[in-house]
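**Q** Sequence first, then the predicted structure, then my questions.
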Amino acid sequence: MAGAAAAECAKPDKVTLTNYLANFQVVSTSASIELQKRYPDRSKAQIDEAMTKKFEFLSNKTADAVRKKGCDDAGVQKLVRLFSVQAKWQPGK
């Protein structure tokens with residue numbers, strides 16, 4: 001939910017946002033593969049739909065919390081810093 005906090009408070013530049021989204025996709029793909037192993041009775045489409053709904057729910061809750069608490073809140077600042085770390089992550093290195 002670091003992305004939601006950063007969108008509200010940090011307004012990341014295009015390169016940072018692109019890196020974050022690429023890394024988020026790597027993690028999402030890995031999570032989807034793992035969920036398919038854990039729930040073989042569910043289709044890929046069902047898993048992807050569930051992941052999307054959960055992501056949207058958590059993003060909205062995070063954005064709401066940021067608007068209520070403000071960008072200076074310690075927890076919000078922690079999420080913004082996490083966004084930066086996640087954007088800098090280089091999978092496979």
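**A** Nice, I can see it. Numbering: from 1, shown residues only.

**Q** ok, the residue with the largest distance to the centre of the chain to Leu35 distance?
**A** What lies farthest from the middle of the chain is Asp41; by CA atoms, centre = their mean that is 26.1 Å. From Asp41 across to Leu35, the span is 12 Å (CB to CB, to the nearest Å). Backbone N, C-alpha and C define where each C-beta goes, glycine included.

**Q** swap in Arg42?
**A** Taking CB to CB as the criterion, Arg42 is separated from Leu35 by 8 Å.

**Q** Quick check on those two: which one has the bigger neighbour count.
**A** Leu35 (17 against 14; other CB atoms under 10 Å).

**Q** who touches that one in this structure?
**A** Shown in contact with Leu35 (CB atoms under 8 Å, 6 or more residues apart in numbering): Arg42, Ile47, Ala50, Met51.

**Q** can we see that at 7 Å?
**A** Residues in contact with Leu35 (CB atoms under 7 Å, 6 or more residues apart in numbering) are Ile47.

**Q** buried stuff in the strand or helix carrying it?
**A** Using DSSP states H and E, Leu35 sits within helix 14-38. By neighbour count on 16 or more other CB atoms under 10 Å, the buried set for helix 14-38 is Thr16, Leu17, Asn19, Tyr20, Asn23, Phe24, Leu35.

**Q** Repeat that for stretch 79-90.
**A** Buried-residue list, stretch 79-90, by 16+ other CB under 10 Å: Leu79, Val80, Phe83, Gln86, Ala87.
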